[in-house]
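Q: Quick one: sequence plus predicted model below, questions after.
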Number of protein chains: 2
Amino acid sequence: MTDAFSFELRATDAQARTGVIKTPKGDIRTPAFMPVGTAGTVKAMLPGHVRATGADIVLGNTYHLMLRPTAERVAALGGLHKFMNWPHPILTDSGGFQVMSLSKLRKLTEDGVSFQSHIDGSRHMLTPERSIEIQCLLGSDIQMQLDECPAIPIAHDDARQSMELSARWAVRSKRAFEEKSKPGQALFGIVQGANFEDLRRDSLDRLLEIDFPGYSVGGLAVGEGREEMFRVLEFTTPHMTVAKPRYLMGVGKPADLVGAVARGIDMFDCVAPTRSGRHGQAWTKTGAINIKNARYADDPEPLDAQSDCPPSRDYSKAYLNHLFRAGEYLGPMLLSWHNLQYYQDLMAGMREAISAGRFGAFIADFKATTGEEIV
Amino acid sequence: MTDAFSFELRATDAQARTGVIKTPKGDIRTPAFMPVGTAGTVKAMLPGHVRATGADIVLGNTYHLMLRPTAERVAALGGLHKFMNWPHPILTDSGGFQVMSLSKLRKLTEDGVSFQSHIDGSRHMLTPERSIEIQCLLGSDIQMQLDECPAIPIAHDDARQSMELSARWAVRSKRAFEEKSKPGQALFGIVQGANFEDLRRDSLDRLLEIDFPGYSVGGLAVGEGREEMFRVLEFTTPHMTVAKPRYLMGVGKPADLVGAVARGIDMFDCVAPTRSGRHGQAWTKTGAINIKNARYADDPEPLDAQSDCPPSRDYSKAYLNHLFRAGEYLGPMLLSWHNLQYYQDLMAGMREAISAGRFGAFIADFKATTGEEIV
């Protein structure tokens, strides 16, 4: 434990990296996958089980929490860690992405974005300063600057204007963070610029000038496809500071993670394992399956007999199939847990392979066993 | 462990009793509360957590399981214990009660009851023989005869006819059980007769003549109210065999359990703790509360700071309130667990008080702390 935020790069294998982010709330082994705890809970999971899968950190969503139960209420109750019974590191996003995707009647100005809550229609304003204020009220260990996150495809001119706005918001976010934050908390800048190499470089240069303890790659996984995402990473990450963590926001499926680690990314978050789990999709060593499929109704085998994870080992596919057909809570509970374990095992496998200098073999094996072609 | 079914009465205090039912799958301490695992899962609970609350046995519903996933499928997968990952004792009902309350187009004859599934409209026939066949396919340790369970109020003549049909079905159930069951499994007869003393006595006499290893009191908690239920118990249990377990079916709320134990009952099942938990009601030492109430939105206290049970101890009422308002899975998960722990602690408290000869003081304390008047 330390009262400062730091990143220690321990090994590299080609572009892939493994290391440790140190925070006052605990260490985060990278490459790291952060389960998403949208509204102060990783859906259908007990926090102790999230931890047991090997998660060092979870993500909270500023947009959801500011609306309900509100950041002020969470602060009065002792902060988000205590509120959700997760004493380990927490990262929060800025709220900007979800304002654009979930809220109603939003209006973007230089100052920030005004919007109506999707829950009760109440009006709110999110500025770089207010986003940082909320994240500090929540008490998150790693915070994000407010940014604008346009969809791809987008015209070069529009992408430039959006990126420049995000860069100006980065300056304001940093200033607000310096006023409000506590020792050991960290603010990350977010690289934007859609799929344009010049804009990504320009965005990064502006952020490097401000100087952040970590950098996120934003604006990907917004419909551009895996190949295009990897192409953007290939011209972005080589210019990112080696000694600081790199976080690819909102990504992704297992093949996305493996491919992005190969391109120099250290941190990920995604709702995929829990959302898929709630809908009956299970990742296995040989690829994803839909447990609701009739072929599993009589299958006595568990998802992974070799696993130490109870949902993977102790319940037959037939039982899981039954739970989903009957609409029982236990189906989503078990598959969310199983999928999170799959993701954490994948990350642990990558960390080990990079440390041992055999990440190339790891990728080849991953492609062969899952049938994924683009990694 | 034993390969036979037996009941050992260990202490009594006035009409209240404490003892142990021994089965090949494990001991059941009485008075016992059996969480209900309707469709092969105690809703929103992991089986390990059901066990951790102190449950020695759970209940499975023949009606639900025969329709989905079907008894034949469960048998092919190794039986209900293995299917639901619960290696401890299981009791199944006969299916009769839920055919009458859930199915469509049912028709009652001397032979049994034909009905349409509420799930897919498929047609089925439940006879005493088929009910036992299903319960044996499931592999349940304690099985119930098929009976008819009329609502109260009912005319004396109708109640007599219904009770006599149940008594004839008891004979057929016993015969089928002797053919199909395995050593150590037990079949209980069910006392019917609505709220008529002469019919209850007559029903019991007919069952005693058949001779069962345990007796259920059926046909209560069907709208007659707590006082009337207790009145029926008062003229029924004194005539039941002292050396055999007595099971009050489908009951109840905490005050029902305490009052029924005081009137000589040993076993209970009810969906109340889990159903209420899913809807935001929590039982506490000072009575039931609705966690969705706005008064809890800022309450930093847990439901029971002194408890060893994680949901009762590790989460504030404010957090639980938030989970229910946000419609998160974790709300029902935590409150179901908390309520089951409350129920098992209540049973453990009764067993201890009866053993120590201070059950009167226990009841007085329960009434004083919960504000319940009729116990």
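A: Structure received.
Q: Does whichever strand or helix holds A:S173 pack against any helices or strands, and if so which?
A: Using DSSP states H and E, A:S173 falls within helix A:156-180. Identification of packing neighbours for helix A:156-180 by 3 or more C-beta pairs under 8 Å, 6 or more residues apart in numbering or on different chains; DSSP states H and E yields helix A:128-138, strand A:186-191, helix A:197-210. No exception for glycine: its C-beta is placed from N, CA and C like everyone else's.
Q: Tell me the confidence at A:L105?
A: According to the prediction, A:L105 has pLDDT 85.
Q: and what of A:S162?
A: pLDDT, A:S162: 97.
Q: That one: how many residues sit nearby?
A: 22 (other C-beta atoms under 10 Å in any protein chain shown).
Q: any idea how far it is from A:I190?
A: Shown here: A:S162 relative to A:I190, a distance of 12 Å by C-beta to C-beta, to the nearest Å.
Q: and if you look at A:R160?
A: With distances taken as C-beta to C-beta, A:R160 is found 16 Å from A:I190.
Q: which of these two has more neighbours?
A: Neighbours per residue, other C-beta under 10 Å: of A:R160 and A:I190, the larger number sits with A:I190, 29 against 19.
Q: Show me the beta-bridge partners of the more buried one.
A: When bridges are called by DSSP bridges, A:I190 pairs up with A:S216.
Q: check contacts around it.
A: A:94, A:144-145, A:147, A:166, A:170, A:207, A:215-218, A:249 (C-beta atoms under 8 Å, 6 or more residues apart in numbering or on different chains).
Q: tell me the secondary structure for A:G48?
A: Three-state call for A:G48 (DSSP: H, G, I helix; E, B strand; the rest coil): helix.
Q: isn't it right next to B:P310, touching?
A: Yes - between A:G48 and B:P310 there is a contact under C-beta atoms under 8 Å: 7.4 Å.
Q: what does chain A have sitting close to chain B?
A: A:39-41, A:43-46, A:48, A:64, A:68-69, A:73, A:76-78, A:83-85, A:297-298, A:300, A:310, A:314-316, A:318-319, A:321-323, A:325-326, A:328-330, A:332-333 (C-beta under 8 Å from any C-beta of the partner chain).
Q: Which of those are buried? Put it as a ChimeraX command.
A: Per 16 or more other C-beta atoms under 10 Å in any protein chain shown, the buried members of the residues of chain A next to chain B correspond to this ChimeraX selection:
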select /A:39,40,41,43,44,45,46,64,68,69,73,77,83,84,85,297,310,314,315,316,318,319,321,322,323,325,326,328,329,330,332,333
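Q: rewinding a little: can I get the contacts of A:I190 in a markdown table with pLDDT, distance to B:E373 and neighbour count?
A: A markdown table is the format used below for these (pLDDT from 0 to 100; distance: C-beta to C-beta, whole Å; neighbours: other C-beta atoms under 10 Å in any protein chain shown):
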| residue | pLDDT | distance to B:E373 | neighbour count |
| --- | --- | --- | --- |
| A:S94 | 97 | 55 | 30 |
| A:M144 | 98 | 56 | 28 |
| A:Q145 | 98 | 60 | 30 |
| A:D147 | 97 | 61 | 29 |
| A:S166 | 98 | 65 | 28 |
| A:A170 | 98 | 65 | 26 |
| A:L207 | 98 | 68 | 25 |
| A:Y215 | 98 | 66 | 23 |
| A:S216 | 98 | 61 | 27 |
| A:V217 | 98 | 65 | 30 |
| A:G218 | 97 | 62 | 30 |
| A:M249 | 98 | 58 | 25 |
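Q: Could you single out the nearest of those residues to chain B?
A: Nearest to chain B out of these is A:S94 (C-beta to the nearest C-beta; 20.4 Å).
Q: still on that earlier bit, and the helix holding A:S173, how far from the chain's centre?
A: 20 Å (C-alpha atoms, centre = their mean, to the nearest Å).
Q: tilt between it and helix A:197-210?
A: Inter-element angle recorded for helix A:156-180 and helix A:197-210: 20 degrees (by axes from the mean of the first three to the mean of the last three C-alpha atoms, to 10 degrees).
Q: Could you find the closest non-adjacent residue to the residue of the stretch 201-350 of chain A found nearest chain B?
A: Among the residues of the stretch 201-350 of chain A, A:Y329 lies closest to chain B, at 3.9 Å counting by C-beta to the nearest C-beta. Closest residue to A:Y329 apart from its sequence neighbours, by C-beta to C-beta, 6 or more residues apart in numbering or on different chains: B:A44 at 3.9 Å.
Q: what's the answer for A:I265, then?
A: A:L248 (4.5 Å).
Q: again with A:P273
A: Setting aside the residues directly before and after it, A:P273 is nearest to A:N339 in space (C-beta to C-beta, 6+ apart), at 3.6 Å.
Q: And for A:P31?
A: A:V261 (4.8 Å).
Q: Over to A:R206?
A: A:A167 (4.2 Å).
Q: Could you do A:D304 as well?
A: Per C-beta to C-beta, 6+ apart, closest to A:D304 is A:S312, 4.2 Å.
Q: Correct me if wrong: the one you found contacts A:L303.
A: Yes - between A:S312 and A:L303 a contact is recorded at 4.8 Å, counting by C-beta under 8 Å.
Q: More neighbours: the two, which one.
A: The neighbour count for A:S312 versus A:L303, taken as other C-beta under 10 Å, is higher for A:L303 (28 against 23).
Q: how about the more buried one, phi and psi?
A: With angles defined as degrees, to the nearest 10, A:L303 sits at phi -70, psi -30.
Q: again, but for A:M144
A: phi -120, psi 140.
Q: Could you check how far it is from A:Y319?
A: In this view, A:M144 and A:Y319 are 40 Å apart by C-beta to C-beta.
Q: what about chain A, any weak spots by pLDDT?
A: For chain A, the stretches with pLDDT under 70 are A:1-2.
Q: any idea which residue sits dead centre in it?
A: Geometric centre of chain A, nearest residue: A:D269, 1.5 Å, by C-alpha atoms, centre = their mean.
Q: Can you give the contact residues for stretch A:99-118?
A: By C-beta under 8 Å, 6+ apart, the list of residues contacting stretch A:99-118 from outside reads A:63, A:67, A:96, A:121-128, A:130, A:146, A:148-149, A:165, A:168-169.
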